[in-house]
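Undergrad: My questions are about this predicted structure, shown below with the sequence.
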Amino acid sequence: MTALVTGATGFTGGHLAAMLARRGTPVRALVRARSRARFDGSDAAAAGVVAVDGDLASPDALARACDGIDVVYHIAATYREAGQPDAVYRAVNVDGTRHLLDAARARGVRRVVHCSTGGVHGHIAHPPANEDAPFNPGDVYQHTKLEAEILARTYGQTHGLDVVVARPIGIHGPGDTRFLKMFRGLARGRFPMLGSGQAFYHLTYIDDLVEGFRLCGETAAAAGRTYILAGERYTTLQALVALVAEELGVAPPRLHLPVWPVWLAGLACEVVCVPLRIEPPLYRRRVDFYTKSRAFDITRARTELGYRPQVELREGIRRTIAWYRDKGWL
């Protein structure tokens, strides 16, 4: 079996490509010219992953990348970036997915595993949510990821292409920096708690996630299905913060600030900063972290894929802290 991984210079795609290669799978990585130096110094390259030049905007490059490939893992996407026009999200996340599906079909790819996001469900009003929970995307990134997911699923049904959709939840682990502000704030005693802290939060350790992707690519019964890939358990945000603080060896925050004044301040920061393409010091999505519940049921992935998360929440946090400290960030 041969595999193509898009997004292999990112956190998730890089881990996936390296893991597959270490298991003996011949792996190609679609790499943009501006990302080539980063790829060349990556774990994926060290594991034997072969870079092929191109990006999601180039049908010809995608056709070359898909030639002789059995399974495509489509991880690449454009994430949230201050001041980035909505058209860019659509061009990469939606149009790029369409180009890749066309190339995969034309080159006889056996299966495409499309990486969506649990964010397509938005706030989980009745936790835990499974794959059939209502969609409620909250920003342009989530909207375009949902549009791309629907496109991939419909394309597979219409053209007879085997497409599996995976929705990862709360990815963390060594190599990830999205939770660095939270960990660093707690370590320095400067992490604010907004609201009650009783919203649910769900984390997934990176090694468990990429194993879930592999199962999506290799399990015959997964054809045409959608899977939530999450950690073994979710918890309240307050309990999660307390757990991180305990592993850092510091006291958890005691002060809880009201939500809405901070939300309004975030709105004001966005109004000023986003048109100038400056990352706002505070934005509404950061407030959503405290108020929107994210809790998921992985029964389908367990039953149909044999997905079994191995890294317990505390251990994953411990490993992430060790990596941050090794980098000198804590």
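TA: Here it is on my side, so go on.
Undergrad: The residue nearest to residue 199 when sequence neighbours are not counted - how many residues pack around it?
TA: Of all residues not flanking residue 199 in the chain, residue 293 sits nearest, at 4.7 Å (CB to CB, 6 or more residues apart in numbering). C-beta: built from backbone N, CA, C; applies to glycine. Here the count is done by other CB atoms under 10 Å, and residue 293 has 20 residues near it.
Undergrad: Contact partners for residue 293?
TA: The contact partners of residue 293, by CB atoms under 8 Å, 6 or more residues apart in numbering, come to 123, 124, 125, 127, 199, 200, 201.
Undergrad: That one belongs to a helix, doesn't it?
TA: No: read with DSSP: H, G, I helix; E, B strand; the rest coil, residue 293 is coil and lies in no helix.
Undergrad: Narrow the contacts of residue 293 to just the buried residues.
TA: By neighbour count, with 16 or more other CB atoms under 10 Å, the contacts of residue 293 hold 124, 127, 199, 200, 201 as buried.
Undergrad: Contacts only, for the third one.
TA: Counting by CB under 8 Å, 6+ apart, residue 199 makes contact with 236, 237, 290, 291, 292, 293, 294.
Undergrad: re the thing from before, and the gap between the residue nearest to residue 199 and residue 151?
TA: From residue 293 across to residue 151, the span is 28 Å (CB to CB, to the nearest Å).
Undergrad: between the contacts of residue 199, which is nearest residue 103?
TA: residue 294 (33.2 Å; CB to CB).
Undergrad: That closest one and residue 202 touch, don't they?
TA: Yes: proximity of residue 294 to residue 202 meets the contact threshold set by CB atoms under 8 Å, at 5.1 Å.
Undergrad: Between its first and last residues, how far does stretch 227-242 reach?
TA: One end of stretch 227-242 to the other measures 30 Å (CA to CA, to the nearest Å).
Undergrad: One more: stretch 84-98?
TA: 21 Å.
Undergrad: contacts for that stretch?
TA: Residues contacting stretch 84-98 (CB under 8 Å, 6+ apart): 55-57, 74, 76-78, 114, 140-141, 143-145, 147-148, 151-152, 155.
Undergrad: Just the ones of the residues you listed in helices?
TA: Of those, the ones assigned to helices by DSSP state H are 140, 141, 143, 144, 145, 147, 148, 151, 152, 155.
Undergrad: so can I have JSON lines of these showing neighbour count, pLDDT and distance to residue 218?
TA: Output for those, formatted as JSON lines (neighbours: other CB atoms under 10 Å; pLDDT from 0 to 100; distance: CB to CB, whole Å):
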{"residue": "140", "neighbour count": "18", "pLDDT": "90", "distance to residue 218": "33"}
{"residue": "141", "neighbour count": "21", "pLDDT": "92", "distance to residue 218": "29"}
{"residue": "143", "neighbour count": "19", "pLDDT": "95", "distance to residue 218": "31"}
{"residue": "144", "neighbour count": "23", "pLDDT": "96", "distance to residue 218": "28"}
{"residue": "145", "neighbour count": "26", "pLDDT": "97", "distance to residue 218": "24"}
{"residue": "147", "neighbour count": "17", "pLDDT": "97", "distance to residue 218": "27"}
{"residue": "148", "neighbour count": "29", "pLDDT": "98", "distance to residue 218": "23"}
{"residue": "151", "neighbour count": "18", "pLDDT": "98", "distance to residue 218": "23"}
{"residue": "152", "neighbour count": "26", "pLDDT": "98", "distance to residue 218": "18"}
{"residue": "155", "neighbour count": "20", "pLDDT": "97", "distance to residue 218": "21"}
